[in-house]
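Participant: Got a predicted structure here, sequence first:
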Amino acid sequence: MAHFIKNPLIFRNQEDLSINVFEDSLVMYGTPEDSSGCVLRGYVDLNLSNLLITRGINLRFVGKTEIFASYKNPKQTYLLVDRSWPLVRPNKDKCYLPPNKYHFEFEIPVSGRLPESVQVPGGVIEYTLFAEVEKVGFHFNIQVGKTLQLKRAPHPISEAYLTPSVTSISWLKEQVFCSMSTEMPVYDHHEQILVEMKIRFLERILKIKKIEMTLEEIISYPTFDGTLLQNSSSIVKTDRFSFVFKPNLTCKALATVAIPQTAIYDSTTKYIRVRHRIIGKIIFCDHFFGGSELYLNLGIVLRSREQSELLEILPSYKADDEPPCYPGPSERENGH
């Protein structure tokens with residue numbers, strides 16, 4: 001049994017255990033299928049004022065998914081990773097550590113197949129790094145943990161990042177043509193989405209009471225039995241009023257939709273999926289249409305800060321230290 005603490009504390013035997021990492025946000029480049037992973041670097045400090053008898057000191061990396069999206073379904077937990085590495089390994093059953101300050105540096109590999117960290121109202125994907133001192137007898141183990149963020153930045157050289165988005169529809173036996181488009185398919189939190197609506201009516205004057213543009217956030221959670229729980233919410237809405245369009249002319253309406261800071265960036269993990277779309281709603285007000293409504297849906301991608309930075313500067317895989325300069329064949333023959 002381990003006594004878990006989130007911060008270093010001093011116990012009855014005056015142990016002071018802490019864990020530190022050089023970067024608590026790990027970025028994976030590419031999809032889970034083609035990412036090579038990364039290396040987590042840090043150190044563990046153990047300050048002892050008295051003799052410590054231990055069965056070992058270990059480092060443990062745990063990742064899990066918890067889904068509690070619906071009160072009708074029980075809480076679901078998936079274990080993503082659980083790996084351990086020894087920092088101190090006893091010769092037999094136990095070892096003795098005299099009073100001293102101990103410093104353990106570590107480098108551990110993190111698989112590129114792991115999903116990124118996600119936190120939404122109905123679930124979470126989280127990773128924690130633990131340092132644990134195993135005590136002998138009936139004493140509680142000492143354990144400290146540090147939460148890590150695993151983020152994924154897809155490769156930017158993709159058609160999805162370069163091609164504008166557009167959707168179109170015809171209505172009433174092709175008497176009404178509508179299209180909705182955005183300048184880009186991918187946006188950041190601080191940006192505004194400029195949405196253009198084009199409408200053409202073939203025979204008579206078209207009167208529109210209102211056009212609504214809504215940014216919708218959709219979060220879905222697959223369950224154990226294969227069903228898909230889905231929650232959607234309108235996070236921002238923009239209205240445009242009083243439009244009169246003449247027949248055989250293509251008219252357009254522009255609306256700006258601001259992305260709120262509370263929006264969650266897109267995620268395509270197999271456990272929690274987050275996506276966004278623009279919903280265009282046209283409300284007609286003349287007698288011919290009788291207050292009918294027409295809807296258009298256009299998907300967009302909301303990217304994270306790491307994904308935005310990757311578009312500006314591609315990752316460098318250059319090592320911190322240059323490799324040694326090995327002698328050529330002629331130098332080896334001469335004994336150099």
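Facilitator: Perfect, I can see it now.
Participant: Tell me where the stretch 201-336 of the chain has helices.
Facilitator: Along the stretch 201-336 of the chain, the stretches classed as helices by DSSP state H, counting those that start in this stretch are 305-312, 329-333.
Participant: Any buried residues in the longest one, and which?
Facilitator: Neighbour counts over helix 305-312 (16 or more other Cβ atoms under 10 Å) mark 306-308, 310 as buried. Placement of C-beta: from N, CA and C, glycine included.
Participant: Throw the residues you listed into JSON lines and include pLDDT and distance to Phe104, thanks.
Facilitator: Output for the buried residues of helix 305-312, formatted as JSON lines (pLDDT from 0 to 100; distance: Cβ to Cβ, whole Å):
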{"residue": "Glu306", "pLDDT": "75", "distance to Phe104": "29"}
{"residue": "Gln307", "pLDDT": "77", "distance to Phe104": "34"}
{"residue": "Ser308", "pLDDT": "79", "distance to Phe104": "36"}
{"residue": "Leu310", "pLDDT": "70", "distance to Phe104": "33"}
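Participant: Give me the below-cutoff pLDDT ranges for the chain.
Facilitator: Within the chain, the ranges that satisfy pLDDT under 70 run 1-15, 69-72, 138, 155-164, 171-174, 203-206, 224-227, 240-247, 286-291, 311-336.
Participant: the strands in the stretch 151-300 of the chain, which residues?
Facilitator: Ranges of strands within the stretch 151-300 of the chain are 165-171, 176-182, 186-187, 192-201, 206-222, 228-245, 250-258, 267-268, 273-284, 293-302, based on DSSP state E, counting those that start in this stretch.
Participant: Please identify the most buried of those.
Facilitator: Among the strands of the stretch 151-300 of the chain, strand 186-187 has the highest mean neighbour count (mean count of other Cβ atoms under 10 Å), at a mean of 22.
Participant: who does that one pair up with?
Facilitator: strand 293-302 (parallel) (DSSP bridges).
Participant: burial count for Leu48?
Facilitator: Using other Cβ atoms under 10 Å, Leu48 is surrounded by 18 other residues.
Participant: Just want the phi and psi numbers for the spatially closest residue to it that is not a sequence neighbour.
Facilitator: Nearest residue to Leu48, sequence neighbours excluded (Cβ to Cβ, 6 or more residues apart in numbering): Pro99, at 4.8 Å. With angles defined as degrees, to the nearest 10, Pro99 sits at phi -60, psi 130.
Participant: neighbours around Gly30, how many?
Facilitator: By other Cβ under 10 Å, the residues close to Gly30 number 15.
Participant: Kindly reformat the strands of the stretch 151-300 of the chain as TSV containing distance to Gly42.
Facilitator: Shown next, in TSV, are the strands of the stretch 151-300 of the chain (distance: least, Cβ to Cβ, whole Å):
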stretch	distance to Gly42
strand 165-171	42
strand 176-182	42
strand 186-187	33
strand 192-201	40
strand 206-222	32
strand 228-245	36
strand 250-258	39
strand 267-268	26
strand 273-284	30
strand 293-302	31
